[in-house]
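Undergrad: Give me a 3D structure for the following:
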Amino acid sequence: MSRQGSRRRSPLASMLWGLLGVGVVVGVGLATISALVARTVVTPPSRRDEDIRILGSDAEASRITLSATPDSLLPGAYSLWFSGDTGHARIGEIVSVDRRGVTREVLGVDFGDLATARRGRFSGWFWLSPRDLGVPFENVSVETPLGPAPAWLVPAERDSDRWVIQVHGRAVRRGETLRAVAPFRDAGYHSLLVSYRNDGEAPRSPDHRYALGDREWIDVDAAMAFAIARGAREIVLMGWSMGGATVLQALTRSPRGARVTGVVLESPVVEWVATLDFQARMRRLPAPVRWGAFAIIRSRWGHLVTGLAEPLDLDRLDFVARAAELDRPILLLHSVDDGFVPATASVALASARPDIVSYEEFTQARHTKLWNYDRTRWEDAIRNWLAALPAAASGPQPRTGSSQRA
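TA: Residues are numbered from 1 along each chain as shown. Predicted coordinates:
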């Protein structure tokens, strides 16, 4: 009887054991993907994806035909990095669009052989050095806790105690920030275009991992100290993308924060969970993978997967939730078609603090390409905001900063 009962139960038991095995396999798979996602978020990339095919150029290299992508179809002027970033060209307006692709003007080739190039990627950098702007500049070093970090100092046209510190985004370098020199210089600001840990120019941190602004701000604080030593009495902080998260940390955590009279944010990350969730959804990753990646980044044991020296405080990086803590004027520029950092958090911050946030909403311009898409509007927004800044920024209150760790 016992033996027969065992035989009768065996199909059910087999099914249950099978389901359990599938569940274990699925769970392990989701955990593995979560680990890969978390590690990717904080690891500086060794190369960038070239998502545009170069279909041909004319003999004079005055026009180029590219595959149609959301970037190559954007109006305006852009950088085209090609052949594994061994070449760089400046690309102008669209000439024509047909079934073959997008034909655009070539404004200049800085280096590389565009005639033999087959793939490339668009960037908003456009210029590579202050020399391209035709203005005086100085190569300087900012002493950070990790060592000297290179920076460009573009002086104002006249004596001034106003400075702007320009902070680039994730996986790019300080050349990204050159686009903002003109409106600040016109308004009488010295521009300090900085590098920071793990960006390929500044010293690496021991873990060689991004902290999403949670530690990069220390290098921005060092840049603030540099500016103050050179006579700065008023400092504007400007950040692109992850640089936006970084300057908000510097504003709220630096012992020199009282010198900051305003903040400009371009396509910024003001809340990381929304940004990472958006990117995961774009890649069609299931919710357990997204939650798992967040848990790994936050946890003390996560370093076994991510390589981070210490966990990241995503709540501290959430300036939608922390909106009430902000007390300086903010100019916020974001495109609703960003495609990488959703504008939802920027809209939420602007809605929460209309008393201090001036929000310039763009459409179609995509991520960190607002200047490229509409240079006049972008520069005018900064000039007009700066013109109103002294009255709006009177009397910032001193604050004690938190301790700094390399």
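Undergrad: In the protein, what residue spans correspond to strands?
TA: 52-57, 63-66, 78-82, 87-97, 102-111, 119-123, 138-144, 147-154, 162-167, 190-194, 234-240, 260-266, 330-335, 357-362 (DSSP state E).
Undergrad: for the stretch 1-150 of the chain, which spans come out with low pLDDT?
TA: Scanning the stretch 1-150 of the chain for pLDDT under 70 picks out the ranges 1-30, 59.
Undergrad: can we see that at 90?
TA: Across the stretch 1-150 of the chain, the ranges flagged by pLDDT under 90 are 1-38, 46-49, 57-61.
Undergrad: how many neighbours does Ala381 have?
TA: Look at Ala381: counted by other C-beta atoms under 10 Å, it has 20 neighbours. All C-beta spots, glycine's among them, are computed from the backbone N, C-alpha and C.
Undergrad: Just give the closest residue to it, not the sequence neighbours.
TA: Glu360 (4.8 Å; C-beta to C-beta, 6 or more residues apart in numbering).
Undergrad: What of Leu389?
TA: In this structure, Leu389 finds its nearest non-sequential neighbour in Gly262, 5.2 Å apart by C-beta to C-beta, 6+ apart.
Undergrad: now swap in Ser241 and tell me
TA: Gly169 (3.0 Å).
Undergrad: Does the one you found touch Trp240 like I think?
TA: Yes. Between Gly169 and Trp240 there is a contact at 4.3 Å, judged by C-beta atoms under 8 Å.
Undergrad: Which one of those two is surrounded by more residues?
TA: Neighbours per residue (other C-beta under 10 Å) separate Gly169 from Trp240, with Trp240 holding more: 30 against 26.
Undergrad: Report the separation between that one and Val264.
TA: To Val264, Trp240 is 10 Å away according to C-beta to C-beta, to the nearest Å.
Undergrad: Domain map for the chain?
TA: Annotated domains of the chain cover 52-123, 130-271+317-392 [automatic domain parsing].
Undergrad: so which of those domains is the most packed in?
TA: Across the domains of the chain, the average number of neighbours (mean count of other C-beta atoms under 10 Å) peaks for domain 130-271+317-392, which reaches a mean of 21.
Undergrad: what residues are up against the closest residue to Gly92 other than its chain neighbours?
TA: Nearest non-adjacent residue to Gly92, counting by C-beta to C-beta, 6+ apart: Glu105, 3.4 Å away. For Glu105, the contact set (C-beta atoms under 8 Å, 6 or more residues apart in numbering) comprises 62-63, 91-93, 95.
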